[in-house]
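Asks: Can you look at this prediction? I've put the sequence above it.
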Amino acid sequence: MIVDAHVHLFPDRLAEAIRRWFSDHAWEIRYRIGVTEAVRTLREGGVGRMVALPYAHKPGMARALNDFTLVISREHPEIVPCCTVFPGEEGAEEILEEALAGPFAGVKIHSHVMRVAPDDERLDPVFRACARHQKPLVIHCGREPASEGYGIDVRAISGAARLRRALARHPDTICIVPHLGWDEPAEFEAMLDEFEHLYLDTTMAIAGWFPGGPDPEMLRRRPDRILYGTDFPNLPYEWSRELDVVRALRLPASDEARVLGGTAARLFGIA
Ligand SMILES: [Zn+2]
């Protein structure tokens, strides 16, 4: 079964605000669709499960976003719900504990959107909660895509060295870094040997859309530690481009199966 380990499904109004932000600061999102159509699009393309990663851009909205994600996962069994929390917000530890003791499969943190470095102590409770429940932390902590639209120098609060400091404190936390660690793929790949619970996902990194991306051959070297994910529907290109790239690598069947879903199923507890 193919698992897309990285999709973003938001309430319509928030999704529209995100599309506007992307238009102003990043790229034109090609898929201007709601949850039901998004699920159908991936399902018809052969994706059996999709891991929904909500993220909050300010305090006080995590609970509502998490509730929304849980509701859509009950309407669409293809959706695997993850939760989010805004670092340091009031009740953060309770939000995490409730969610992870319950039906949520992992946590999403976005260092740029939340303006928090991976080694910021406000994230320690998140790393700890994920380790305690053995559920993954998907953390966008790479430096790219950097944008002034975040209102902070995101490159200064991101990067492999900062994640290394965090993982040195939390070596038992299952951590998934999107975009194959763009723009430091060699540094993140080397860290796979240092930290046995560290993984990378392919989101937007192997589509060949942006110049200078990581080498897709990384999948051949580390099929045990890389998950297929798309960032759907917030894409400027056809979502299946990366699926085509994975298949064109002609990996050994067992390796391809791990990348396209086996590892995600294991980490996110997908039956
Ligand atoms: Zn994403």
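Replies: Arrived safely. Numbers count the residues shown, from 1 in each chain.
Asks: Going by C-alpha atoms from here, please, whenever you check contacts or count neighbours.
Replies: Noted.
Asks: Wait, residue 50 touches residue 1, no?
Replies: No - with contacts counted by CA atoms under 8 Å, residue 50 stays clear of residue 1, the gap being 10.8 Å.
Asks: For these two, work out which one has more neighbours and name it.
Replies: Between residue 50 and residue 1, counted using other CA atoms under 10 Å, residue 50 has the larger neighbour count: 28 against 13.
Asks: how close does the nearest residue to residue 133 once chain neighbours are set aside get to residue 177?
Replies: In this structure, residue 133 finds its nearest non-sequential neighbour in residue 100, 6.6 Å apart by CA to CA, 6 or more residues apart in numbering. Look at residue 100 and residue 177: by CA to CA, to the nearest Å, they are 19 Å apart.
Asks: and these two? which has more neighbours close in?
Replies: It is residue 177, of residue 100 and residue 177, that has more neighbours when counted by other CA under 10 Å, with 24 against 21.
Asks: Backbone dihedrals for the residue lying closest to residue 240 once chain neighbours are set aside, both of them.
Replies: Take residue 240 and drop its neighbours on the chain: the residue closest to it by CA to CA, 6+ apart is residue 45, 7.7 Å away. Here is the backbone geometry of residue 45 (degrees, to the nearest 10): phi -90, psi 0.
Asks: how many other residues sit next to residue 45?
Replies: Neighbours around residue 45, by other CA under 10 Å: 13.
Asks: pLDDT wise, what is it at?
Replies: Residue 45 carries a pLDDT value of 97.
Asks: try the one 5 residues further on
Replies: Predicted confidence (pLDDT) at residue 50: the value is 98.
Asks: buried stuff in whichever strand or helix holds it?
Replies: In the assignment (DSSP states H and E), residue 50 maps to strand 47-52. By neighbour count on 16 or more other CA atoms under 10 Å, the buried set for strand 47-52 is 47-52.
Asks: Need the phi and psi values for residue 66.
Replies: phi -60, psi -40.
Asks: Let me see the contact set for the closest residue to it other than its chain neighbours.
Replies: Leaving aside its chain neighbours, residue 66 sits nearest to residue 83 (5.2 Å; criterion: CA to CA, 6+ apart). By CA atoms under 8 Å, 6 or more residues apart in numbering, the contact list for residue 83 reads 53-55, 62, 65-66, 69, 96, 99, 104-108.
Asks: Identify the bridge partners of residue 83.
Replies: Beta-bridge pairing for residue 83 (DSSP bridges): residue 107.
Asks: ditto for residue 2
Replies: residue 47.
Asks: Thought residue 114 was touching residue 152, still the case?
Replies: No - look at residue 152 against residue 114 with CA under 8 Å: they stay out of range, at 10.1 Å.
Asks: So which of these two has more stuff around it?
Replies: residue 114 (17 against 14).
Asks: Contact partners for the nearest residue to the more buried one once chain neighbours are set aside?
Replies: Leaving aside its chain neighbours, residue 114 sits nearest to residue 57 (5.4 Å; criterion: CA to CA, 6+ apart). When contacts are counted by CA under 8 Å, 6+ apart, residue 57 touches 86, 113-114.
Asks: Next secondary structure after the lowest-mean-pLDDT helix or strand in the chain?
Replies: Of all the helices and strands that make up the chain, helix 111-114 has the lowest average by mean pLDDT, DSSP states H and E, namely a mean of 89. Using DSSP H and E, the helix or strand that follows helix 111-114 towards the C-terminus is helix 124-133.
Asks: Let me know the average pLDDT across that next one.
Replies: Helix 124-133 shows a mean pLDDT of 98.
Asks: Check which residues of that helix are buried.
Replies: 124-131.
Asks: Which residues outside whichever strand or helix holds residue 264 are in contact with it?
Replies: Element membership of residue 264, judged by DSSP H and E, is helix 263-268. Contact with helix 263-268 is made by 3, 5, 80, 105-106, 135-136, 224-227, 258, 270-271, as judged by CA under 8 Å, 6+ apart.
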